[in-house]
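Enquirer: this is a predicted model, with the sequence first.
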Amino acid sequence: MARATPPPSASASGCCDGTDAMTTSTPIRSPQTICLFTGTLAAFAGAERATATLANALAARGHRVHVLSLWGHTPVFSLASDVQHHALFAERVAFKHHYLSIVRNVRRYVQEHGIDVMIDVDPMLALYTLPATFGLSLRRIAWEHSTYASDLGRRARRWARSLAARRYDAVVVLTDADRDAWQAHHPHARAQFVTLPNPLGIAAPAEAPSHDGARCILAVGRLVPEKGFDRLIHAWAKIAAEVPGWQVRIVGDGALRDTLFAQANARGVGDSVQLLPAVAEIARHYAEAAIYCLPSRRESFGLVLLEAQAFALPIAGFAADAGPRALLHDGIDSLIAPDGDIDALAIALRRLIDDAPLRQRLGAAGYVHAQAYLPDAIAARWEALWSPWPHAATAPGAAS
């Protein structure tokens, strides 16, 4: 049985001190003007939720915070009133056809608002940020939300990562395994490679909630192959007839909705599988569930796992990537099945369904674990990234 471990510290060869995130954060030494540069906040996804959460937490700590999106004027996740949001385009466009205008507009925005710290919410955005901030004195940080192996076969993504490693002050990744991968692929990098987990994106209940009477197995995410909801439906079909009154609820949007409906019907569980649209206020679904399931094939971090833990839900599922492996502790806050073993996943779900005390024990342990990821604690660790470093915060061509 695995032992529970603390959340990954903000480690980067001494850049951050890994202060216990459960302690009250100290006041900031000097407010900064920070810009989180992102593709969009108009989509229901983990990176977008994490961006909004971090922006709000940094603003609450006294920083002047901007979010600059390539497209989408209306964020789907709430931003604090003192967080300024601006989008360059109303809708998604062919950005390669607008490249020069994007670079000019990003530069204008940075200069007009006196940005001190530029955080790219995807290393791909370095392709815009580097030329846009050429000659300007500011910190440049790339925030990677995917595993290093997930380059999508795109040469541009590999080039952007190389630029961020060579030219940025820091690259923030979600797990120590990805920090090690960046270091291995970029041994002569200028950037510090820093492990920082995503902050919990929803308000956690003040006390671990009770889920007495709930009979719902919840899964949340985009309806895409990587999330593996077909594997959950397959596992559910093996036990559904034995547990009348229970149901599976999948919350999310995506191209596979009709395919998943068809699969559920073909396996005879159409009446006990719900497919509901993504919503910004996801807390209600966690409150109504009894079990959370993670059937993902790929999961760079697994913010949904923290959200489930914050609501004291026991978790069953696979831990195919470093993120879930860092967040889940088999037999302590979850039951982990070997990746792709549908029978083992069905057994884990059935075990949780049949054993209410086990559900309560695993859920209570998860609730304690989630407290280390509260937004203020994570924001305090981000602040170390723009503390004075030995090298100047300038891009090539900056005035000395």
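Expert: Good, I have the coordinates. These figures come from a predicted structure and were not determined experimentally.
Enquirer: for the stretch 51-200 of the chain, which segments count as helices?
Expert: Using DSSP state H, counting those that start in this stretch, the helices of the stretch 51-200 of the chain run over residues 99-113, 126-132, 155-167, 176-185.
Enquirer: return the most buried member of those helices.
Expert: Most buried of the helices of the stretch 51-200 of the chain by mean neighbour count (mean count of other C-beta atoms under 10 Å) is helix 126-132; its value is a mean of 22. All C-beta spots, glycine's among them, are computed from the backbone N, C-alpha and C.
Enquirer: starting at the chain centroid, how far to that helix?
Expert: Taking the mean of its C-alpha atoms, helix 126-132 sits 23 Å from the chain's own mean (C-alpha atoms, centre = their mean, to the nearest Å).
Enquirer: helices and strands around that helix, which ones?
Expert: Helices and strands touching helix 126-132, as assessed by 3 or more C-beta pairs under 8 Å, 6 or more residues apart in numbering; DSSP states H and E, comprise helix 99-113, strand 117-120, strand 139-143, helix 155-167.
Enquirer: low-confidence regions, the stretch 51-200 of the chain specifically.
Expert: Low-confidence segments of the stretch 51-200 of the chain (pLDDT under 70): 152-153.
Enquirer: can you rerun that using 50?
Expert: Along the stretch 51-200 of the chain, the model assigns pLDDT under 50 to no residue.
Enquirer: which residues touch the closest residue to residue 234 other than its chain neighbours?
Expert: Closest residue to residue 234 apart from its sequence neighbours, by C-beta to C-beta, 6 or more residues apart in numbering: residue 342 at 5.1 Å. Going by C-beta atoms under 8 Å, 6 or more residues apart in numbering, residue 342 touches 231, 234-235, 238.
Enquirer: most neighbours out of the residues you listed, which is it?
Expert: residue 235 (27 neighbours; other C-beta atoms under 10 Å).
Enquirer: packing partners for whatever helix or strand that one lives in?
Expert: Element membership of residue 235, judged by DSSP states H and E, is helix 229-239. For helix 229-239, the elements it packs on are strand 216-220, strand 247-251, helix 257-266, helix 342-354, judged by 3+ C-beta pairs under 8 Å, 6+ apart.
Enquirer: now what about the first one, what contacts it?
Expert: Same thing as strand 216-220. 227, 229, 232, 236, 246-252, 282, 285-286, 288-295, 304, 307-308, 313, 349.
Enquirer: which among those count as buried?
Expert: Neighbour-count burial (16 or more other C-beta atoms under 10 Å) applied to the contacts of strand 216-220 gives 227, 229, 232, 236, 246-252, 282, 285-286, 289-295, 304, 307-308, 313, 349.
Enquirer: picking up where we left off before, tell me which of the helices and strands packed on helix 126-132 approaches residue 300 most closely.
Expert: Of all those, strand 139-143 sits nearest to residue 300, with 11.7 Å by C-beta to C-beta.
Enquirer: that closest one pairs with which strands, and in what direction?
Expert: strand 117-120 (parallel), strand 170-173 (parallel) (DSSP bridges).
Enquirer: among these, which is the most enclosed?
Expert: Mean neighbour count (mean count of other C-beta under 10 Å) peaks for strand 170-173 among the strands paired with strand 139-143, with a mean of 28.
Enquirer: redo the helices and strands packed on helix 126-132 as CSV? Include distance to residue 242.
Expert: Converted to CSV, those look like this (distance: least, C-beta to C-beta, whole Å):
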stretch, distance to residue 242
helix 99-113, 55
strand 117-120, 49
strand 139-143, 44
helix 155-167, 45
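Enquirer: of all these, which one is nearest residue 36?
Expert: strand 117-120 (4.8 Å).
Enquirer: which secondary structure elements does the helix or strand where residue 308 lies contact?
Expert: Under DSSP H and E, the secondary-structure element containing residue 308 is helix 303-310. Counting contacts by 3+ C-beta pairs under 8 Å, 6+ apart, helix 303-310 packs against helix 46-60, strand 216-220, helix 283-288, strand 291-294, strand 315-318, helix 322-327, helix 356-370.
Enquirer: recalculate using a threshold of 7 Å.
Expert: Contacts defined by 3 or more C-beta pairs under 7 Å, 6 or more residues apart in numbering; DSSP states H and E place helix 303-310 against helix 46-60, helix 322-327, helix 356-370.
Enquirer: could you tell me the least trusted of the ones you listed?
Expert: Of all the helices and strands packed on helix 303-310, mean pLDDT reaches its minimum on helix 322-327 (a mean of 83).
Enquirer: what's the next secondary structure element after it?
Expert: strand 334-337.
Enquirer: what average pLDDT does that following strand get?
Expert: Strand 334-337 comes out at a mean pLDDT of 98.
Enquirer: neighbouring contacts of it?
Expert: 314-319, 328, 330, 344-345, 348, 351-352, 362 (C-beta atoms under 7 Å, 6 or more residues apart in numbering).
Enquirer: now do the end-to-end distance for stretch 144-151.
Expert: Terminal residues of stretch 144-151 lie 11 Å apart, using C-alpha to C-alpha, to the nearest Å.
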